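1. Give me the fold of what follows.
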Amino acid sequence: MAALSFLFNFAGPASRFAAVCVALTALIAHVCLRVLEEIAPMEARYAYPALALVVAVLLTVSARRLYDAGKSRAWALFTLIPVWGLAAGFIIALLPQRRGLIWANNGGRAAGFVLIAFVLVLGVLRVWWVPFVVVSESMKPALLVGDSVIAKAGERVARGDIVLLHRGADSAQDIKRVIAVAGDTVALRGGQVWLNGAALVQLPQGDFVEVMGVQGPLGARPRCENGLVGNGAICRKSRLREVLPNGRSYFTLNIETGGVGDEMAELTVPKGALFVLGDNRDASMDSRFDVGLGGLGLVRAEAVLGVAKRVVLSSDARFIIAPWTLRLGRFWSALD
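-> Numbers count the residues shown, from 1 in each chain. Okay, here's the model as predicted:
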C-alpha cells in the first residue's frame, strides 16, 4: 500500500523512481496477461483489473508531471496519448480470435504489442530525460515561448548550462542559465555581470525582433525596448553576446537601462548552490531576487532536474497541436 500511495501522490515533483515503477508495472501486467492468455484464454478476458491498475498509475504519474510543469489542458490531452495507446494495446491483445473480427487478426494484435512496447520505452526514457514546456519569455532568444525542451538528468552542471529546476518549496518548475557555481563571486553593475572580479564581455549583436501578439499557453505578451506597441507591430530588444571565462557564449537581451535587476551587490555562491539568470535579463525573476519577491534566490544544486539539451517541438500559439502554429525550423535544435 505504501508503494501505491507513493505513485498516487500528487504532491511534490514526479520522480525518476516513479517513472521506473510505471514501466515495471506495465511490463509485469503485460507478461501476466500473456501467460494467462496461453493457459486460460477465457479467464484472460476478465483480467481488466490489471489493465485498470496500469492505466490508473500512468494517468496519475502523467498528471503529476503535468502539474509540475504547469502545462495547459491541451498539453494534458497530448501527453496522455501514450496512455490511450497502452489501453488500446491491451484491448486488442484480449479480443477473441475470430476471423470475422478485423481487430482480432494477427496484425491488430501485433499493433497492440507495438503500442505497449512504445509506452514502456517512453517510461524508461523518462528516467534520464525530463520534458519541459517554456511558458515565459525569460530565456529568449535561446528559448521561445512555446518551445518544448528535453533536459538530461544526472549531468554535472557547469557555467553556461541551461538547467531545468524546481522553484523553492513548491512543485513548479523553471528554466534558467547557470552563471556562477559554488565558490564564485558574482555581482551586477549597470546590467553587466561581474564574475570573480572581472566583467563578462558583452558584444552588441543588433536587435532581436518579434511580432507583438499573444504567445504560448498562458497568452502572455512580450515586453519591448521600443515601448508599447500594438498587435502585429514589431517588438525590438537589444541583443548582446555574453562570453563566460570558460569560453562559452550565448545571446542575452536588454529591454531597459537602469532596471531593477541591473544592479546587485557582490555575493559569494555557497557550497551546494548555483547562481542562475534568465537570458532575457529585464524579463526574468531569477537569482537576483529573493524567493519572497518572486525570484529564485540561490538555487540548491539538488533542485536541478537536468541540463536542457534540445528543443524537440515548438509552436507559436496557445494550442500546440495545430499544425499551422509549428515552428519547423526549431525542431530538434541544439541549445547553446
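2. Name the spans of this protein whose pLDDT lies under the cut-off.
-> 1-27, 29-30, 33-34, 37, 41-127, 168-171, 317-322 (pLDDT under 70).
3. Which residue ranges of it form helices?
-> Counting by DSSP state H, one finds helices in the chain at the ranges 2-7, 16-39, 41-44, 48-69, 73-79, 81-94, 106-128.
4. Check the gap between Val163 and Ile28 for me.
-> Remark: distance between Val163 and Ile28 (CB to CB, to the nearest Å) = 34 Å. (C-beta placed from N, C-alpha, C; glycine too.)
5. Same question for Val135.
-> Counting by CB to CB, the gap from Val135 to Ile28 is 36 Å.
6. ok, these two, which is more surrounded?
-> For Val135 versus Ile28, neighbours defined as other CB atoms under 10 Å are more numerous around Val135 (22 against 12).
7. Check whether the more buried one really touches Leu144, as I assumed.
-> No. Val135 is not in contact with Leu144 according to CB atoms under 8 Å; the separation is 10.8 Å.
8. Give the intersection of the neighbour lists for these two.
-> Common neighbours of Val135 and Leu144 (criterion: CB atoms under 8 Å, 6 or more residues apart in numbering): none identified.
9. wait, Val269 sits on Leu298?
-> Yes. Assessed by CB under 8 Å, Val269 is found in contact with Leu298 at 6.5 Å.
10. Please enumerate the shared neighbours of the two.
-> Phe275.
11. Show me what Val193 bridges to in the sheet.
-> Leu188 (DSSP bridges).
12. Hmm, Ala151 and Val312 touching each other?
-> No. Between Val312 and Ala151 there is no contact under CB under 8 Å: 10.9 Å.
13. Run a quick neighbour tally on Leu274.
-> Leu274 is flanked by 25 other residues according to other CB under 10 Å.
14. The closest residue to it other than its chain neighbours - how many residues pack around it?
-> Distance criterion CB to CB, 6 or more residues apart in numbering; nearest residue to Leu274, sequence neighbours excluded, is Val299 at 4.6 Å. When neighbours are counted by other CB under 10 Å, Val299 registers 25.
15. Next: Ser238.
-> With other CB under 10 Å as criterion, Ser238 counts 16.
16. Show me the beta-bridge partners of it.
-> Asp207, Asn254.
17. Contact partners for it?
-> By CB under 8 Å, 6+ apart, the neighbours of Ser238 are Pro204, Asp207, Phe208, Glu225, Leu253, Asn254, Ile255.
18. Narrow those to just the buried residues.
-> Buried members of those, counted by 16 or more other CB atoms under 10 Å: Phe208, Glu225, Leu253, Asn254, Ile255.
19. Of those residues, just say which sits nearest to Gly278.
-> Among the buried ones among the contacts of Ser238, Leu253 lies closest to Gly278 (CB to CB), at 9.1 Å.
20. Assess the claim that the closest one and Asp279 are in contact.
-> Yes. Using CB under 8 Å, Leu253 makes contact with Asp279 at a distance of 6.5 Å.
21. Need the residues touching each of the two.
-> In contact with both Leu253 and Asp279: Lys140, Pro141, using CB under 8 Å, 6+ apart.
22. and Pro323, how many neighbours does it have?
-> So Pro323, with other CB under 10 Å, has 8 neighbours.
23. Hmm, I typed the wrong one, I wanted Ala182.
-> So Ala182, with other CB under 10 Å, has 14 neighbours.
24. so what's it up against?
-> Residues near Ala182 by CB under 8 Å, 6+ apart: Val269, Pro270, Lys271, Gly272, Ala273, Leu274, Ala301.
25. What's the local residue count around the first one?
-> Read it as Val269. Neighbours of Val269 under the rule other CB under 10 Å: 19.
26. Ok, Leu326 next?
-> Neighbours around Leu326, by other CB under 10 Å: 17.
27. Asp316 now?
-> By the criterion of other CB under 10 Å, Asp316 has 20 neighbours.
28. With Val130 instead?
-> By other CB under 10 Å, neighbour count at Val130 equals 24.
29. Correct me if wrong: it contacts Leu305.
-> Yes. Look at Val130 against Leu305 with CB under 8 Å: they come within range, at 4.9 Å.
30. All set now, cheers.
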